[in-house]
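Colleague: Need the 3D shape of this:
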Amino acid sequence: PLSLERNTAGQPVENPPLREFDTIRVFSESDFTTAFPVSISGEVRDPVQDTFYEGMTLRDLILKAGGLRPTADLTVEVARLARPDRSDRDQISEVIRVRVDSSYFVSDQDRRLYLGGDVPGDGAAAEFELMPYDRVLVRPLPELEFQRSVKIRGEIRYPGTYALER
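Modeller: Have a look, this model is predicted:
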């Protein structure tokens, strides 16, 4: 190992002589760190798996996924590895529910088209810090059901597509 440190005069602290065919490899800090994944899926524009960094919030990850779809439930679930020091050793993960707000729709159009009715104005996602291996799931609105239709053909008076009411 060779130190790349310099003294106050700007001179290398270590300066060994180099010979022909010597090779010096300078490692990056990332060569010595482990990349911890976090992911988000469900009712987001672009589900993503990203690398965790210190101070990363739920808001950061939602925005990296392009924001929420208008069909998103504003209570999102964060599946987190259970700490090994917990008394219940059979539990491998815990699910934390976090309320987000309308700012996670990203566009004003999506905010207006939100299918959940009134858009709440407050949420905790900006302050909710993620941990390594967190998995965020944004579920669709539970009461949301898209209209269904049926196509009728044959020898009838009005063949075609009809919307189902129930």
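Colleague: middle-most residue in this protein, spatially?
Modeller: residue 40 (3.3 Å; C-alpha atoms, centre = their mean).
Colleague: check which helix or strand covers it.
Modeller: If you go by DSSP states H and E, residue 40 is part of strand 37-42.
Colleague: Tell me the strands beside the very next helix or strand once past that strand, with direction?
Modeller: Of the helices and strands lying after strand 37-42 in sequence (DSSP H and E), the nearest is strand 48-51. Using DSSP bridges, strand 48-51 pairs in its sheet with strand 37-42 (antiparallel).
Colleague: So which bits of the partner strand are buried?
Modeller: Residues of strand 37-42 classed as buried by neighbour count (16 or more other C-beta atoms under 10 Å): 38, 39, 40, 42. C-beta coordinates here come from the backbone N, C-alpha and C atoms, glycine included.
Colleague: can you check stretch 47-63 too?
Modeller: So for stretch 47-63, counting by 16+ other C-beta under 10 Å, buried means 48, 50, 52, 56, 58, 59, 60, 61, 62, 63.
Colleague: So which of those residues is the closest to residue 3?
Modeller: Distance ranking of the buried residues of stretch 47-63 against residue 3, using C-beta to C-beta, places residue 52 first at 30.0 Å.
Colleague: quick one, what contacts the closest one?
Modeller: By C-beta atoms under 8 Å, 6 or more residues apart in numbering, residue 52 lies in contact with 35, 36, 37, 38, 130, 131, 132, 133, 134.
Colleague: switch to 6 Å and redo it
Modeller: For residue 52, the contacting residues are 36, 38, 132, by C-beta atoms under 6 Å, 6 or more residues apart in numbering.
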